[in-house]
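Colleague: Build me a model from this:
(one chain, ligands or ions: 3)
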Amino acid sequence: MRIAVFAGDGIGPEVTAEAVRVLEALQIDGLELVEGDVGGAAYRKHGHPLPAATLEIARSSDAILFGAVGDFSLDHLERALRPEQAVLGLRKELGLFANLRPATVFKGLEDLSTLRPEVAGKIDLLIVRELNGDVYFGEKGTRTLEDGRRQGWDMMSYAEDEVRRIAHAGFKAAQGRCGKLCSVDKANVLETSQLWRDVVIEVSAEYPDVELTHMYVDNAAMQLVKNPGAFDVIVTGNLFGDILSDQASMCVGSIGLLASASLAEGTFGLYEPIHGSAPDIAGKGLANPMATILSAAMLLRHSFGLEAEAARIEAAVAAALADGIKGGDLGGSAGTKEIGDAVLARL
Ligand SMILES: NC(=O)C1=CN([C@@H]2O[C@H](COP(=O)(O)OP(=O)(O)OC[C@H]3O[C@@H](n4cnc5c(N)ncnc54)[C@H](O)[C@@H]3O)[C@@H](O)[C@H]2O)C=CC1
Ligand SMILES: CC(C)CC(=O)C(=O)O
Ligand SMILES: [Mg+2]
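Modeller: Numbers count the residues shown, from 1 in each chain. Ligands and ions are numbered 1, 2, ... in the order given. Model prediction:
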């Protein structure tokens, strides 16, 4: 059981350290943790955000626990060298195409949400976000038009096989939950989305037990706040899924609570909080590590089939919250290590 630990930048090392403490406390037989450099930290040390040695550690591991990357002081670099390329590169190189981002309100903790408790209490949804395509991986550039104006451009596209495989992931996820799949797109404007919708409908023929609906992304953003309890599984593209999942995190309570799994075919996966490196609070011991701790639980469940251990971690996080252990992101005053201690004490 070899787990690569890539802590990264900003609050990445702070939150990852707490998740590692939780993993180690479980005393799982054969657990081996191997650290590697990613992001701005890797660029400063090795001149690249995703050095070959890190990629090698990733490839020789069974799963990756990832913190966050991003460092505003390196945003002047050419795009290929920016910290974010570490996570984008790992997703692409390792074929991590299915990003699962569950958003569920903790029972009895509806008041953590910025929504009214009776609305928030019904939230139990899963965003299945495509992670290897869309405008994030299309050709891009800046050019000067004939009249001298500068123009930035990014190519958005999806090939049918890319849509098909994430659609299957969405339908399968729905089969394991309440049997409802909502495909989110912008087919009223974008050709990329029209193909997305056509292919999702084609794939739906193989899943007669799943109720498929379609929604434009602008409406989905509104419905997530109005009636989030109506969603079971949302399947969507890379860009829309990125945005909607940050929104869903606030419906639950905080971005510091939402975990994710980025999966390839098979059991390999990268597990990370949905948040970034939070430079505004980095180095102060203020970050909420719960999203990373919950990502470690997803890792144990998806990559190793350790359901009982995963459930133990999730229960410990829920118990800590129920006992009032809250970080600043939730209006509390607990620091990163204090939250880690509280989860460990309830394992
Ligand atoms: N997967 C990754 O590594 C990601 C990296 N990024 C990068 O992170 C950097 C910062 O991006 P932002 O847009 O500011 O997004 P962010 O998610 O890092 O932070 C947004 C806001 O949420 C707060 N926040 C985030 N995580 C928190 C936690 N665990 N506990 C308490 N508060 C938390 C931050 O303090 C900030 O106010 C950028 O360089 C960005 O590119 C952003 C998203 C994902
Ligand atoms: C490359 C990342 C910065 C994209 C992102 O925000 C995410 O995956 O949540
Ligand atoms: Mg994001």
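
Colleague: and the stretch 151-300 of the chain, which of its residues are near ligand 2?
Modeller: Asp242, Ile274, Gly276 (CB under 6 Å from any ligand atom). To be clear about C-beta, it is placed using only N, CA and C from the backbone, and glycine gets the same treatment.

Colleague: check contacts around the first one.
Modeller: In this structure, Asp242 makes contact with Arg129, judged by CB atoms under 8 Å, 6 or more residues apart in numbering.

Colleague: ditto for the last one
Modeller: Contact analysis of Gly276 by CB under 8 Å, 6+ apart lists Gly10, Ala68, Val69, Gly70.

Colleague: pLDDT score for the second one?
Modeller: What the model reports for Ala68 is a pLDDT of 98.

Colleague: Next up, the contacts around it.
Modeller: Applying CB under 8 Å, 6+ apart, the residues contacting Ala68 are 8-12, 15, 39, 272-273, 275-278.

Colleague: how much space between it and ligand 1?
Modeller: Look at Ala68 and ligand 1: by CB to the nearest ligand atom, to the nearest Å, they are 4 Å apart.

Colleague: Please name the nearest non-neighbouring residue to Leu115.
Modeller: Cys251 (5.7 Å; CB to CB, 6 or more residues apart in numbering).

Colleague: So which of the contacts of Ala68 sit within helices?
Modeller: Gly12, Val15, Gly39 (DSSP state H).

Colleague: The nearest residue to the first one once chain neighbours are set aside: how many residues sit nearby?
Modeller: On the basis of CB to CB, 6+ apart, the spatially nearest residue to Gly12 that is not a chain neighbour turns out to be Gly67, at 2.8 Å. Neighbourhood size, Gly67 [other CB atoms under 10 Å]: 31.

Colleague: can you pull the contacts of the closest residue to ligand 1 within the stretch 51-200 of the chain?
Modeller: Residue nearest to ligand 1 within the stretch 51-200 of the chain: Gly70 (2.2 Å; CB to the nearest ligand atom). Residues counted as contacts of Gly70 (CB under 8 Å, 6+ apart) are Gly8, Asp9, Gly10, Gly39, Gly40, Pro83, Glu84, Gly276, Ser277, Pro279.

Colleague: Ala342 versus that one, what's the distance?
Modeller: Separation of Gly70 from Ala342 (CB to CB, to the nearest Å): 27 Å.

Colleague: between the contacts of Gly70, which is nearest ligand 2?
Modeller: The nearest member of the contacts of Gly70 to ligand 2, counting by CB to the nearest ligand atom, is Glu84 at 4.4 Å.

Colleague: Touching, the closest one and Asp71? I think so.
Modeller: No. The criterion here is CB atoms under 8 Å, and Glu84 misses it with Asp71 at 9.4 Å.

Colleague: Quick check: neighbours shared by those two?
Modeller: In contact with both Glu84 and Asp71: Gly39, using CB under 8 Å, 6+ apart.

Colleague: on that earlier part again, now, among the ones in helices among the contacts of Ala68, which is nearest to ligand 1?
Modeller: Nearest to ligand 1 among these, with distances taken as CB to the nearest ligand atom, is Val15, at 5.7 Å.
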